[in-house]
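**Q** model the following, please.
(one chain, ligands or ions: 1)
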Amino acid sequence: MRSISYATLGAFVLVLAAPTTAAADGSVVGGDAVHVSESPWVVALASHERFGTDRSGQFCGGVLVGRSTVVTAAHCLSKEVLGVPWQQVRDLRVVIGRDNLAGRGGKELKAANVWVNPRYDSWTNEGDMAVLKLERPAGGRAIPIAGRGDAAYKPGTRATVYGWGDTTGAGSYATGLRSAGVNVLEDSVCSQAYPGSADGTYKPASMLCAGAQGGGRDACQGDSGGPLVARGRLVGLVSWGTGCGQASHPGVYTRASALLPAVSEHGAD
Ligand code: ARG
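**A** The predicted model follows:
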């Protein structure tokens, strides 16, 4: 999270990576443009007040998991990212149905209620989850959360990550939504990559490891809180990683099944 937060502060890039090559510094490039109409549960978190109006004020991703319930990463609502405690952000919005952040399509709904996991550990990055209740239902566009034991968590499963984040690892924010194909990886891959570094510690019970063989496709800064989807179900939220798209350092996601208790307790439906 530390690296995430600082990166997010600096620029807000989000990104998803791509099928092309990774830059020499290990950042990701590429990815494919997608339309929110095909993935209507992908949302952007935004504040014009904190982040300006250029890209609709986007600073993180999120996922619609119920008619009026959005999940995102706890670190997205941290002071490191927002510059102030989230309670002081007067115009926290969820942007729904807007492919192009430079445009006005779709809608912006207020978060009427915000729950940020009080047990989120910014050292390991464990518990990186938050639940937002929208002021009103967004429409029937939610994605189901894969429960524990769902086959979608099996290593080798193809998965897709979505976001408006950095497409290069150097601060090139996307204005259009992008997605990248990765694979769910064995927990041991991330346990070995992240035994306890300055960036975080991999905890298999509450995190999920995913990446592309050889690197090059990954989430990046600004994608945090957004969805990792496999078999039509939500399996993860973009959380952290060292660099972006490095073969030796896969992406680490909040395991979606770990969200279920919080969603039933703090979600709207
Ligand atoms: N922490 C980043 C954010 O706030 C997401 C980083 C994901 N990194 C990765 N290599 N998958 O947007």
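**Q** need the phi and psi values for whatever residue of the stretch 51-200 of the chain ends up closest to the ligand.
**A** Closest residue of the stretch 51-200 of the chain to the ligand, Cβ to the nearest ligand atom: residue 165 (5.6 Å). Where you see a C-beta, it was placed from the backbone N, CA and C, and this is true even at glycine. Dihedral angles phi and psi of residue 165 (degrees, to the nearest 10) take the values phi -80, psi -170.
**Q** start at 25 instead
**A** Yes, from this point I'll number from 25; that puts the last item at residue 189.
**Q** would you confirm that it contacts residue 197?
**A** Yes: between residue 189 and residue 197 there is a contact under Cβ atoms under 8 Å: 6.8 Å.
**Q** who's more crowded, these two?
**A** Legend: neighbour count by other Cβ atoms under 10 Å for residue 189 and residue 197, higher for residue 189 (35 against 21).
**Q** which pLDDT value belongs to the more buried one?
**A** In this model, residue 189 is scored at 93, pLDDT.
**Q** for residue 83, see how far away it is.
**A** 10 Å (Cβ to Cβ, to the nearest Å).
**Q** identify the bridge partners of residue 158.
**A** residue 135 (DSSP bridges).
**Q** which residues of this protein lie near the ligand?
**A** Contact residues, the chain versus the ligand (Cβ under 6 Å from any ligand atom): 28, 32, 38, 189, 242-248, 262, 264-265, 268, 275.
**Q** what ranges do the helices span in the stretch 125-274 of the chain?
**A** With DSSP state H, counting those that start in this stretch, the ranges of helices along the stretch 125-274 of the chain come out as 211-217.
**Q** shaky segments in it?
**A** Along the stretch 125-274 of the chain, the parts satisfying pLDDT under 70 run over 164.
**Q** picking that back up, by neighbours, which of the residues of the chain next to the ligand wins?
**A** For the residues of the chain next to the ligand, neighbours tallied by other Cβ under 10 Å; top is residue 243, 38 neighbours.
**Q** my guess is that one contacts residue 183. True?
**A** No: assessed by Cβ under 8 Å, residue 243 is found out of contact with residue 183, at 11.0 Å.
**Q** identify the contacts common to the two.
**A** Common neighbours of residue 243 and residue 183, using Cβ atoms under 8 Å, 6 or more residues apart in numbering, are residue 252.
**Q** before we move on, back to that, tell me the one of the residues of the chain next to the ligand nearest residue 224?
**A** residue 264 (5.1 Å; Cβ to Cβ).
**Q** that closest one reaches residue 222, doesn't it?
**A** No: applying Cβ under 8 Å as the test, residue 264 and residue 222 come out as separate, 11.1 Å apart.
**Q** residues contacting residue 260?
**A** 183, 232, 234, 251-252, 277-280.
**Q** how about it: what's its closest non-neighbour residue?
**A** residue 277 (2.9 Å; Cβ to Cβ, 6 or more residues apart in numbering).
**Q** the one you found bridge partners, please.
**A** With DSSP bridges as the rule, residue 277 is bridged to residue 232, residue 262.
**Q** got the contact list for it?
**A** Per Cβ under 8 Å, 6+ apart, neighbours of residue 277: 231-234, 252, 259-263.
**Q** highest neighbour count among these?
**A** Going by other Cβ under 10 Å, residue 262 tops the contacts of residue 277 with 36 neighbours.
**Q** right, and that one touches residue 85 too?
**A** Yes: taking contacts as Cβ under 8 Å, residue 262 lies within contact range of residue 85: 6.3 Å.
**Q** anything in contact with each of those two?
**A** In contact with both residue 262 and residue 85: 187, 189, 247-251, using Cβ under 8 Å, 6+ apart.
**Q** tell me how far residue 80 lies from residue 281.
**A** On the measure of Cβ to Cβ, residue 80 and residue 281 end up 31 Å apart.
**Q** those two: which is more packed in?
**A** residue 80 (25 against 21).
**Q** who's in contact with the more buried one?
**A** With Cβ under 8 Å, 6+ apart, residue 80 has these contacts: 68, 70, 72, 119, 122, 125-126, 132.
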